[in-house]
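> sequence and predicted structure are below.
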Protein chains: 2
Amino acid sequence: MWQCQGVKSPAAPAGAVRQGSLRELNLALVLGRIAAARRPPSRAALAADTGLTRATVSAVVEDLVAGRLVTEADPTPRAGAGRPARGLMLAGDGPAGLGLEINVDYLAACVVDLAGQVRHHTVHRVDLRPVSPADALARLAELAGRARADAESQGLTLAGAAMGVPGLVDDAGQVRLAPNLGWRDVPVPQLLAEHPPLTETVDGVPPLVVDNEANLAALGELHAGAAPGTFLHISGEVGIGAGIVLNGALFRGTRGWSGEIGHIPVRPDGPPCRCGGRGCLELYAGQEAILSAAGLAGADLPADRASTRLTQLAEAEHPAVLHALAEAGTAIGVTVASVVNLLDLDTVVLGGGYAPLTGWLRPPVLAEIERRVLTAAWSPVTVRPATLGATAASVGAAGSVVRRIIARPGGWLARL
Amino acid sequence: MWQCQGVKSPAAPAGAVRQGSLRELNLALVLGRIAAARRPPSRAALAADTGLTRATVSAVVEDLVAGRLVTEADPTPRAGAGRPARGLMLAGDGPAGLGLEINVDYLAACVVDLAGQVRHHTVHRVDLRPVSPADALARLAELAGRARADAESQGLTLAGAAMGVPGLVDDAGQVRLAPNLGWRDVPVPQLLAEHPPLTETVDGVPPLVVDNEANLAALGELHAGAAPGTFLHISGEVGIGAGIVLNGALFRGTRGWSGEIGHIPVRPDGPPCRCGGRGCLELYAGQEAILSAAGLAGADLPADRASTRLTQLAEAEHPAVLHALAEAGTAIGVTVASVVNLLDLDTVVLGGGYAPLTGWLRPPVLAEIERRVLTAAWSPVTVRPATLGATAASVGAAGSVVRRIIARPGGWLARL
DNA sequence: CGCTATTTGTTCAGTGGTTGAATTAAATGA
DNA sequence: TCATTTAATTCAACCACTGAACAAATAGCG
């Protein structure tokens, strides 16, 4: 019913390379190049690009077209002498992924097709803190059902679903701890098992993956943005999470709990955090901390309004807000400097609530990086806002489903 | 002449999967299993393990034996009914790797065979700070020449060399900065090009790889110790460096400069560090800091004696030393907690000068981890000393050469 | 001592998938 | 109109894996 993505690096075959694996690997290779290309490549271009023969590419493409993963581009894309090339692109009418997100103050569902287009998107604003996990998941299942119906009416086939939650998810898909949601040891797969839209299985594709929201948002950014293959994506929501993308793959750590950047100590002797530590980043750059430093703690803003309100006040050059953002940016910068010293990353993406505040956060972040990163002189670090907005996690979730098909098309093609 | 290892994950084929690749992949698969097995496995056991047919395994093994990478174990290892199995093990008389290290107060060269045995090891103690890079490398080349002669007299064939330096190495093999050695922009490959023992090329294998010493030490620990595939290896020398091993592969970052843990800020407003930052880990847990906190700053100890002297005094329960180690351990613990929050690692290896001090450093390190790591309750972190001693970097360097052959035997077999 | 059971390793015809060259297809341009 | 050029397909050859049958080597048992 569910399955948590493994920790292994994705590109490693690792197992036996049997005879049929060869075709499977080449299907993945060719499909991957088609997905990565900026314009629809011809078979000949793919052959030159991959090193395979044109004959092999033709055979492989035939399989991909028959399996509804690839279509030929109708218009002749290129001029010149010789027979015109027929461009190949990812099919928009084949498999699609269902992405779900449960967060503190909203539920979201979306459908993304193989080409990465968002074909359906619904957000349902509701404060979920007073709602039981079972009820929350029931409402999410309802959204998922509508998304599924919409997708099918567009001729799409859902190939799987992924769901993001703001907390720690274990190997069994269980939410061990979601502090801001008040969840503890919630067996999501079991609770969702009763809801039909999420239980239908397609061969070879895990029907539901439960994952941390910051991880999925980072994946969304990887595929949607023009991001390079290695970056740190920081999601500034009520809590602060991060997704670490290394060489085009999400790094999940040994238990899948990487990216807990919000509890990295900024000042080891600072004020106590409810996590048990002291001086954690969240105490300096979390949403509550920024609001409180800006003198807006009393204002009873809904969580989703806080970010836009901050942006408005910052644009109006409100002194306390500017100061609060500078302080938060410095704390983020100290933490990011640690990460860059450790991992030698060259790109940091500010996502979630931080994205619209990038203009004010970037200068202090860059200042700390330049002061504290040993290699900063040779290796400039780019700090930029996320290109996906608040939908990053659900789009990333849906994207992770179709990406898995692109990475391993053999399973999908063998389904019939 | 030189080549810096790429940043890509090693197991990814990534390129074209041509027909011959299939054999190449299976050669690597089988050889890898033979290398990883605790006792020499039979062909039948390998077939069951890998999922290949016994026929295929036999054919693959035949190639590996013909290429002097694998030998049959003479004694019948196992009893029971049926035809006795013939164990397969890595050949001890085939290719070997040359490992070199240049450090502040010594030069080292060693030869490691395919099975991981150290077949030659020389350490030449000399303070290299007053010596010019060219002279230092000339002396190292001399050591390398002797190592090569010794290896050849044992019937080994050197398949390549790797060299560790305590500093930042760029893609061109150039040492951009080695603060404790006083080097800046030293073109190692060019300077070594004049020394015959290091210039002979073997097809398909880069003759010399220059890498950071902490990275190579981590690799040495990965292959020598019973370490799992994912851990952080901290080298406590004059400076503090770290090697990050993720899923069995060293993570080098976008420019190859990962692991600069010594300049992660512990107290952002602490005393200034010569790197330009403030409150870096090195100021609290570097060798000088520990000696100074222990009241031994004036004692004019040679660098290599400092570590043993500290151990002696700690064993004698010298109060100032115990206090200094507790302080250093706390600082390391704060930093390690950040790393574990970020990467969700479950193992931390204390290497270099820290290894013999593990007994005193571990308690404060663990205490900080437990206080500050969000997932510590479910996910215990092991802190243990490195199994390799001061030779870790040079052994790791030589090991990286033979490991590359094991990971990609096709190139070696095609050399003839 | 001889027979059977059992497990290992090899042989060999068969097959799937890639290869490379030849061929066909479809356009441009003189 | 025809040579030129580039794209895509066809087809015999080949390489490496497969699966089953077979040979080898030992333990156990009567």
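Received the coordinates, thanks.
> contact partners for A:Y354?
A:234-236, A:332, A:361, A:385 (CB atoms under 8 Å, 6 or more residues apart in numbering or on different chains). From N, CA and C alone the C-beta is placed, and that goes for glycine too.
> turn those residues into JSON lines, including distance to A:R68, secondary structure and neighbour count.
Shown next, in JSON lines, are the contacts of A:Y354 (distance: CB to CB, whole Å; DSSP: H, G, I helix; E, B strand; the rest coil; neighbours: other CB atoms under 10 Å in any protein chain shown):
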{"residue": "A:I234", "distance to A:R68": "37", "secondary structure": "strand", "neighbour count": "32"}
{"residue": "A:S235", "distance to A:R68": "34", "secondary structure": "strand", "neighbour count": "31"}
{"residue": "A:G236", "distance to A:R68": "39", "secondary structure": "strand", "neighbour count": "26"}
{"residue": "A:I332", "distance to A:R68": "44", "secondary structure": "helix", "neighbour count": "27"}
{"residue": "A:L361", "distance to A:R68": "44", "secondary structure": "helix", "neighbour count": "27"}
{"residue": "A:P385", "distance to A:R68": "36", "secondary structure": "strand", "neighbour count": "18"}
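> out of the residues you listed, the closest to DNA strand C would be?
Using CB to the nearest atom of the strand, A:S235 comes nearest to DNA strand C of the contacts of A:Y354, at 40.2 Å.
> does the closest one have any beta-bridge partners, and if so which?
A:G241, A:G351 (DSSP bridges).
> can you tell me how far it is from chain B?
A:S235 is 14 Å from chain B, where distance means CB to the nearest CB, to the nearest Å.
> so that residue sits against A:G243, correct?
Yes. Using CB atoms under 8 Å, A:S235 is in contact with A:G243, at 7.4 Å.
> quick one: common contacting residues for the two?
Both A:S235 and A:G243 are contacted by A:214, A:217-218, under the criterion CB under 8 Å, 6+ apart.
> roughly how far does whichever residue of the stretch 51-200 of chain A sits closest to chain B sit from B:L25?
Per CB to the nearest CB, A:G51 is where the stretch 51-200 of chain A lies closest to chain B, at 3.3 Å. In this view, A:G51 and B:L25 are 15 Å apart by CB to CB, to the nearest Å.
> the more surrounded of these two?
It is B:L25, of A:G51 and B:L25, that has more neighbours when counted by other CB atoms under 10 Å in any protein chain shown, with 20 against 13.
> what helices or strands is the lowest-mean-pLDDT helix or strand in chain A leaning on?
Lowest mean confidence among the helices and strands of chain A (mean pLDDT, DSSP states H and E): helix A:303-315, at a mean of 83. If contacts are counted by 3 or more CB pairs under 8 Å, 6 or more residues apart in numbering or on different chains; DSSP states H and E, helix A:303-315 sits against helix A:287-293, helix A:319-343.
> will you turn those into JSON lines that also has distance to DNA strand C and mean pLDDT?
Listed next are those as JSON lines, based on distance: least, CB to the nearest atom of the strand, whole Å; pLDDT from 0 to 100:
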{"stretch": "helix A:287-293", "distance to DNA strand C": "51", "mean pLDDT": "92"}
{"stretch": "helix A:319-343", "distance to DNA strand C": "36", "mean pLDDT": "97"}
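> same list (these) but as JSON lines, adding distance to chain B.
Output for the helices and strands packed on helix A:303-315, formatted as JSON lines (distance: least, CB to the nearest CB, whole Å):
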{"stretch": "helix A:287-293", "distance to chain B": "16"}
{"stretch": "helix A:319-343", "distance to chain B": "4"}
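> mean neighbour count, those: which tops it?
helix A:319-343 (a mean of 24; mean count of other CB atoms under 10 Å in any protein chain shown).
> tell me the residues of chain A that contact DNA strand D?
Residues of chain A lying near DNA strand D by CB under 7 Å from any atom of the strand: A:16-19, A:42-45, A:54-55, A:58-59, A:61-62, A:80-86.
> in which helix or strand does A:R23 reside?
In this assignment (DSSP states H and E), A:R23 forms part of helix A:19-36.
> does chain B have contacts with that helix?
Yes. Contact of helix A:19-36 with chain B (CB under 8 Å from any CB of the partner chain) involves A:19, A:21-22, A:25-26, A:29.
> now the buried members of those.
A:21-22, A:25-26, A:29 (16 or more other CB atoms under 10 Å in any protein chain shown).
> any regions of the stretch 51-200 of chain A where pLDDT drops low?
For the stretch 51-200 of chain A, applying pLDDT under 70 flags the ranges A:75-79, A:196-200.
> mind listing the helices for it?
A:54-66, A:133-153, A:188-192 (DSSP state H, counting those that start in this stretch).
> just those helices: most buried one?
By mean count of other CB under 10 Å, those have helix A:188-192 as the most buried, with a mean of 21.
> distance between that helix and the chain's centre?
In this view, helix A:188-192 has its centroid 22 Å away from the chain centroid, taken as CA atoms, centre = their mean, to the nearest Å.
> can you list the domains in chain A?
A:1-79+A:89-226+A:388-416, A:227-385 (automatic domain parsing).
> can you tell me which of those domains is most buried?
The most buried stretch of the domains of chain A, if neighbours are counted by mean count of other CB under 10 Å, is domain A:227-385, with a mean of 21.
> which residues touch the helix holding A:R23?
A:13, A:40-41, A:46, A:49-50, A:52, A:56-57, A:60-61, A:63-64, A:69-70, A:88-90, A:406-410, A:413, B:13, B:16-17, B:19, B:21-22.
> for the residue of chain A found nearest DNA strand D, grab phi and psi.
DNA strand D sits closest to A:G82 of chain A, with a gap of 2.1 Å, by CB to the nearest atom of the strand. Here is the backbone geometry of A:G82 (degrees, to the nearest 10): phi 100, psi 170.
> that one: neighbouring residues, count only.
Burial of A:G82 is recorded as 7 neighbouring residues (other CB under 10 Å).
> against A:S58, how distant is it?
As judged by CB to CB, A:G82 and A:S58 stand 17 Å apart.
> now swap in A:L22 and tell me
When A:L22 is compared with A:S58 (using CB to CB), they lie 16 Å apart.
> ok, now A:M89?
Distance, A:M89 to A:S58, by CB to CB: 16 Å.
> also A:A37?
Noted for A:A37: a distance of 17 Å to A:S58, by CB to CB.
> what parts of the stretch 251-400 of chain A come near DNA strand C?
Counting by CB under 7 Å from any atom of the strand, the stretch 251-400 of chain A has no residue next to DNA strand C.
> can you list the domains of chain A in JSON lines and add distance to B:A141?
Shown next, in JSON lines, are the domains of chain A (distance: least, CB to CB, whole Å):
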{"stretch": "domain A:1-79+A:89-226+A:388-416", "distance to B:A141": "37"}
{"stretch": "domain A:227-385", "distance to B:A141": "28"}
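> out of those domains, nearest to B:A161?
Counting by CB to CB, B:A161 lies closest to domain A:227-385 out of these; the figure is 24.5 Å.
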